[in-house]
Structures are given as C-alpha cells and as structure tokens.
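Participant: kindly return the folded structure for what I paste below:
(2 chains, ligands or ions: 2)
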Amino acid sequence: MNINTDIAKTYILVDKRQTAVAAIGVLLGMAVYIFMNSLMLALDRSSTAVIFKNNAHIRVYKDDKISKELVSDSKTKYLITNPKVAPKSNTIINPNLVTETILKNKNVTVVTPQVNSSVFYNNGKSQISGMAVGVKPAEANAMYDINSSIVDGNFESLASNPNGIVIGVGISSKMNLAVGNNINITSAKGVNRTFKVIAIFRSNVKALDETKSYINLASAQQLQKEGPLYITDISVNIKNPDEAEAIGEEITQLTGYKAQSWQEANNSIVTGNKMRRIVSGLISYLILLVAGFGIYNILNMTVNQKINDIAILKAMGFKGKDVIRIFVTQALTIGIIGVIGGVILAAILINTLKHIHVGGDIGYFPIEYDFTVFIRGIIFGLIITFFAGYFPARKAARVDPVDIFRR
Amino acid sequence: MPILKTENINKFFHEPNEFQVLKDISFEVRRGELLTLMGKSGCGKSTLLYILSTMDRDYTGNLFIDNQLMNNLSIDELAAIRNEKIGFVFQFHYLLGEFSCLKNVMIPALKLGKYSTEEIEARAYEKLRVLGIEDQALKPASKLSGGQQQRVAIARALINDPLIIMGDEPTGNLDSKNTDIVFNIFRELADEYGQTIIAVTHDDDFAKKSDRIVEMIDGMILK
Ligand SMILES: Nc1ncnc2c1ncn2[C@@H]1O[C@H](COP(=O)(O)OP(=O)(O)OP(=O)(O)O)[C@@H](O)[C@H]1O
Ligand SMILES: [Mg+2]
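Facilitator: Numbering: from 1, shown residues only, chains lettered A, B, ... in the order given. Ligands and ions are numbered 1, 2, ... in the order given. Predicted structure coming up:
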C-alpha cells in the first residue's frame, strides 16, 4: 500500500466516530438526493402517462384564421376594420395525402385520423354533454393504449361493431349503463343515433371519464352529417415525445396545418412539472452540498489537529501533493462509504414506498428505480466529497513546517 | 571535500520587530565529521539548523549540500533531498502520535521507496534494537516516555542512511546511559559509514567527545 494511503487509513481508523459522522452526513444527503429525484421522475412519468392516454404527441388540425383587410396599404387611407374568424370549414382537406406526408417523417410512429364531435348522451331522462371521438380503433389503441384503461368489455370489438361505443366510467355510473346497454346520442348537428356500450374505460382523469367516449370514425362522420373525407384532427405519435415541438413545426411547414405539440396543449401541466423539477432538483443538490460541508468541516478540523504531523511529514520529505493525497484520500473514503450507504438506504426507501398503496387516481406510490438518477447521485456525491476534501488538503499542503516547529 | 557548506548566511525576523537572528554564517562540515553546535539559549542554533536542513528558505547567502546549491531549488526538490539525504531529530516535536513506533521509523523509508516493505521493517527493527526500544516497537508513539520518543525519532532519522544527520538537542531528554548509547551510534556512523552528524547540544561531555565544536553567540559563529 502506498504510504500516503496508509497514513490516510490510519487517520480514518483512529477517529472512527468522526469518520462515521461525516459518512452519515453523506449517506443521508445521498439517500435524499436519489429518493427525491426518483420521486420526481416517477411523478413526471405518471403525469405524462396520463397526458398521453388522452393526447397524441402532436395534434394536426385546421386552425381558425382571422380575416384580413382586403386593402393592404393602410397608411394612405383610413380604414375601419373588424377582423373576425374567417368562415371556413375546420376540416382537413385531402386527409389521406396529409397522412402520407406526415408518415414520411422518420420520427413518426403512428398517424391516425380523428373526428371530434360534441354530443349529448341521453338515457331516459338524464342527459350529459360530452365529446364523442371518432377513431380507427386499432390505430387509436396503438396511440393511447386504450386497452389498458378498459375496466369492462373489450375495446377491440369496436372495430367490428359499427354501432358500438366505448364510454368513460363516469358516464356509465351517472347514466347507470353497463356493457351491452344502449345509449342514445344527439350531435350538435342534430343527428340522433343509438349506440351499444361495448366497453367502459377509466382514464383516471375524472373530467374525461364523465364526458368522453370513443366511436368508430364513420359513426362520428355520420353524426356530423359528413362523408368519409371529413377529418377534423390527425393525431401523430413520434419516437421521442420530447421532440414534439420541433417535429410539429416540420409538419406545419410541410402540410400547412397547425401542428400542436402535447406540451403546448398541456401547457399548465408541463410548466408545473418543470417548476417542480427545478425546485426539487435545487433542493436535492443543496442537500448534497450540505453533506459536502459536513466533510469539509470535519476535514478542516482534522487538518488543524494534525498540523504537527503534517509539519513532521514535510520535514521528512513529503511533498505538498503527498499531503493533498493523504487528506483527499480520507475525504473520498468517507465519501465512498457515505455514497454506498446512501445508495442502499435510497434503494430500501424506494422499494418500500413502491409497495405502498396510496389509492385514489395514483394507485401505488409513484416512485421508480432509475439508473441515471443513481449514477448522477453517485457522481455528484463523489465530486462534492472530492472538493470538500481538496480545499482543507490544499491548506494542509501549504503548511510551513518551520512555522509549526517554532511554536 | 565538504559535505555541507554555507556562505554568508543572514536571516532576519521582521515580526514583532526587525531583528537579525543570523549574521554572516560561513562554515564547512566535512564528510564523516561529528560536529556539535553550542551556544546560549536564543542565540539562533535552531534557526540555523532549519536553514541547513532546507526546511527554511527565507534567508540570504548560499547553502551547498553534497556540492549542490540549495538556494534556487523548488520546494518539492528540497523535499526530495530531505527525504533522501538528511535525517532530522527535532528539539520538541517528535513523532506521529497515532502511529506505532515501528511505523514512525518506517515512514521516511516507505516514502523513499528504495527497499521493499519487508526489508524496511527489518531495518526499522534493527535501528530500534540498537537504541534499546525494540520492545516498544508496536506501541503507539504517543504512549512512550519523552526519552523513548526521542530515541524513536533518532531511529527514524537514521532509517534512510542519510548523508547528514541533524539533531536539535537529540539527547536533551536522555539519561547519561542512553546519551552514551546515542553518542556511540553517531560515532560509529561517522567513522564507519562516513555519515555526517551536526548536533546542537548543551551537554559539555557530549560536545567534548565530538570532532569539532562550533560556538555561536548572538547569531554569529565564533572562530
Ligand atoms: N518566528 C520568530 N519570530 C521572531 N523571532 C524569533 C522567531 N523564532 C525565533 N525567534 C528568535 O530568534 C532567536 C533564535 O531562536 P532559536 O530558536 O534559533 O534559538 P536557539 O539557539 O535554538 O535556543 P534554544 O537553545 O533555547 O533552543 C531567539 O531570540 C528567538 O526569540
Ligand atoms: Mg533551539
């Protein structure tokens, strides 16, 4: 063993209590860091998972246009204008071509047309207003994973059932509807039709469960009194949802239609998540930093206590960098002990909480093991302990032995 | 051929007030010489020894060790020279208290890395045996008496077979029997191995038996 390491080891073992206190500081900082970040990650994922159950990554639709003045040169003449939404239809023209164009993008995984129609659900005397979404069942399932939120019935049988409807669990309980029952729907265009409930879903978003239903695309077009080319929305999923904004812009440029990213559509949730991430990230780093200060303090104390030893070592020919190595080794050893302990404690915490059922919309406590969170914690833990050791060590390296001997 | 030579070494302390502690120190020490440095308390013996041992770089004048000029060497180069060529026995501060006596003796040799750990340990035991403290080898150094600690420090100064051994009252805490033992060791090292000893002492008997006495008065060497 190198003599510097040997000396560091002796110092660590001689003052076990001090070593333990410093290591526990790192351990707790580390555990809190990993725990908080794992929690945030899981919360983020579960909130985006809820979003993606009801939103495509990108929604392509025809945006309302405000009418423009017919005269462009407004400087020379006085002009009174009253811009209004131009009375154009909000359908996508030639949806098949648009779909094909979008599909050419390598990042796109699923493209499916959609017709949204505002409707009234009627059953006996009760009436609920809501939104019937016309979809191609197989594609819609690929996009929203509707199968996983079905609580009764079978979503896939919608494809073979032109009169079928899949309703939210809220509608089902309010109107007392079970799979196999009939439900009457009136559209905004005044079309009235009876559907048969073939499945019930629970999205964990109460407002949607009480208003939303899925029907076949053709049925939705009929409710709008339109033909098979009537498409209001094209939903697009991509490989990496984080790139939705950039890819959305590409799509807008290619097709001329508005492409809204999920981030834009869920602005408040996304910014809320971002803020939560910033705050919790900051706090978790600060906690690690505080643990670093623990080591820094203890090492400073050690250096002061060992100032005679340092002087003697230097008199015997130890260089400044040897002294730095001794104390940095000591700090890193404390750091490594703390980091290992912290990782174990965090793993235990996560494992325990994962199995606690908190109920409600959430189910099990939202926390996940994530390799990168652990790695990041370990790296930052070690960097911080390195510097917490380096500064006192540098001070020790600058000790002038003669000053000490003359005391 | 001198192993150590100084030319006009002057040193000042500026705090608390300007004060010249060493004045034109010029002298030579032969290889294999056992030299004692004497003088009243406060005349500057320790100060001179710190300069000779290369630890104190804050002086004017020239210092040659083994014909090499020390003045313009870097701190790290000086550290390497101390490790290899100089053994030092301190006046008050002796050992690393939390390490065993054996380890204390071994540390400079482990740092030098010339021998294997086993060889170093054997050599360290041998030095401790000669100084009569072999039985204390595995005790923590802080648990020893002052005289025992001083002998461990002497053993440590010898471990790398340095060219020069400097001692600041190396026998100050020893009884006459142990003082004789240490003197005889120095004598043997000088005569048989050509090592040079520079020892500060207040012990007249010790000084009389040495090859040469250098007297200091008020920061000057008496010719
Ligand atoms: N750091 C310092 N600042 C100012 N003056 C100092 C300092 N260190 C020592 N001195 C003074 O320098 C002079 C020489 O001190 P030194 O320690 O070299 O004496 P010494 O000959 O070794 O004495 P002793 O025999 O008591 O050990 C003394 O007058 C002392 O007061
Ligand atoms: Mg002195």
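Participant: what's the nearest residue to residue A:236 if we skip its chain neighbours?
Facilitator: For residue A:236, ignoring the flanking residues on the chain, the nearest one in space by C-beta to C-beta, 6 or more residues apart in numbering or on different chains is residue A:58 at 4.1 Å. For glycine as for every other residue, the C-beta is placed from the backbone atoms N, C-alpha and C.
Participant: quick check, pLDDT for the one you found.
Facilitator: Residue A:58 is assigned 90 on the pLDDT scale.
Participant: count the residues that sit near it.
Facilitator: 29 (other C-beta atoms under 10 Å in any protein chain shown).
Participant: quick check: bridge partners of it?
Facilitator: Judged by DSSP bridges, the bridge partners of residue A:58 are residue A:236, residue A:261.
Participant: can you pull the contacts of it?
Facilitator: By C-beta atoms under 8 Å, 6 or more residues apart in numbering or on different chains, the residues touching residue A:58 are A:235-238, A:244, A:247-248, A:251, A:259-262.
Participant: what is the nearest of these to residue B:171?
Facilitator: Closest approach between those and residue B:171, by C-beta to C-beta: residue A:244, at 84.3 Å.
Participant: packing partners for the host helix or strand of the closest one?
Facilitator: Taking DSSP states H and E as the criterion, residue A:244 maps to helix A:244-255. Counting contacts by 3 or more C-beta pairs under 8 Å, 6 or more residues apart in numbering or on different chains; DSSP states H and E, helix A:244-255 is packed against strand A:58-61, helix A:95-103, strand A:233-238, strand A:258-261, helix A:262-265.
Participant: tell me the strands beside whichever helix or strand comes after the longest one, with direction?
Facilitator: What it means is helix A:95-103. The first helix or strand that comes after helix A:95-103 along the chain, using DSSP H and E, is strand A:108-123. Using DSSP bridges, strand A:108-123 pairs in its sheet with strand A:126-135 (antiparallel), strand A:182-187 (antiparallel), strand A:233-238 (antiparallel).
Participant: on the pLDDT front, check residue 87 for me.
Facilitator: The chain I'm using is chain A. For residue A:87, pLDDT reads 58.
Participant: actually chain B
Facilitator: With respect to pLDDT, residue B:87 has a value of 94.
Participant: can you give me the mean pLDDT across the longest helix along chain B?
Facilitator: Ranked by residue count, the top helix of chain B under DSSP state H comes out as helix B:176-193. Averaging pLDDT along helix B:176-193 gives 90.
Participant: give me the contacts around that helix.
Facilitator: With contacts defined as C-beta under 8 Å, 6+ apart, helix B:176-193 is touched by B:32-34, B:130-132, B:147, B:151, B:154, B:158, B:161, B:165, B:170-171, B:174, B:195-197, B:199, B:203, B:206, B:209, B:211.
Participant: gap between residue B:153 and chain A?
Facilitator: 9 Å (C-beta to the nearest C-beta, to the nearest Å).
Participant: identify the residue nearest that residue in space, chain neighbours excluded?
Facilitator: residue B:94 (4.6 Å).
Participant: show the contacting residues for that neighbour.
Facilitator: Contacts of residue B:94 (C-beta under 8 Å, 6+ apart): A:312, B:141, B:149-150, B:152-153.
Participant: three-state assignment of residue A:309?
Facilitator: helix (DSSP: H, G, I helix; E, B strand; the rest coil).
Participant: what about it, how many neighbours?
Facilitator: 25.
Participant: what's around the nearest residue to it once chain neighbours are set aside, how many residues?
Facilitator: Excluding its sequence neighbours, the residue lying closest to residue A:309 (C-beta to C-beta, 6+ apart) is residue B:96, at 4.9 Å. The number of residues packed near residue B:96 is 23, by other C-beta under 10 Å.
Participant: could I get the phi/psi values of the residue in the stretch 301-407 of chain A that chain B sits nearest to?
Facilitator: Residue of the stretch 301-407 of chain A nearest chain B, by C-beta to the nearest C-beta: residue A:317 (2.4 Å). Residue A:317 adopts backbone torsions of phi 110, psi 10, taken as degrees, to the nearest 10.
Participant: give the contact list for it.
Facilitator: B:79-84, B:108, B:111-112.
Participant: do you know how far it is from residue B:168?
Facilitator: 17 Å (C-beta to C-beta, to the nearest Å).
Participant: now the two most distant members of the contacts of residue B:94.
Facilitator: A:312 and B:150 (13.7 Å).
Participant: of those two, who's got more company?
Facilitator: For residue A:312 and residue B:150, the more surrounded residue by other C-beta under 10 Å is residue B:150, and the numbers stand at 27 against 24.
Participant: so which residues on chain B come close to ligand 1?
Facilitator: B:13, B:15, B:21, B:39, B:41-47, B:91 (C-beta under 6 Å from any ligand atom).
Participant: what's the most distant pair in these?
Facilitator: B:15 and B:39 (22.8 Å).
Participant: do whatever helix or strand residue A:344 lives in and chain B meet?
Facilitator: When elements are defined using DSSP H and E, residue A:344 is found to belong to helix A:320-354. Yes. Helix A:320-354 is in contact with chain B by C-beta under 8 Å from any C-beta of the partner chain, via A:320-322.
Participant: give me the buried positions along that helix.
Facilitator: Within helix A:320-354, the residues scored as buried using 16 or more other C-beta atoms under 10 Å in any protein chain shown are A:320, A:322-343, A:345-347, A:349-350, A:353.
Participant: assign a three-state SS to the residue nearest to residue B:153, would you?
Facilitator: Per three-state DSSP, residue B:94 ends up coil.
Participant: for the residue nearest to residue A:236, give its distance to chain B.
Facilitator: 63 Å.
Participant: ok so, going back, just the contacts of helix B:176-193: which are in helices?
Facilitator: B:130, B:147, B:151, B:154, B:158, B:206, B:209.
Participant: I figured residue A:328 hits residue A:386, correct?
Facilitator: Yes. Counting by C-beta atoms under 8 Å, residue A:328 does reach residue A:386; the two are 6.7 Å apart.
Participant: can you give me the pLDDT of residue A:73?
Facilitator: 63.
Participant: what does residue A:179 give?
Facilitator: pLDDT at residue A:179 comes out at 91.
Participant: quick one, domains of chain A?
Facilitator: With domains defined by automatic domain parsing, chain A comprises A:2-51+A:269-406, A:95-265.
Participant: could I get these as a markdown table with distance to residue B:54?
Facilitator: A markdown table is the format used below for the domains of chain A (distance: least, C-beta to C-beta, whole Å):
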| stretch | distance to residue B:54 |
| --- | --- |
| domain A:2-51+A:269-406 | 10 |
| domain A:95-265 | 62 |
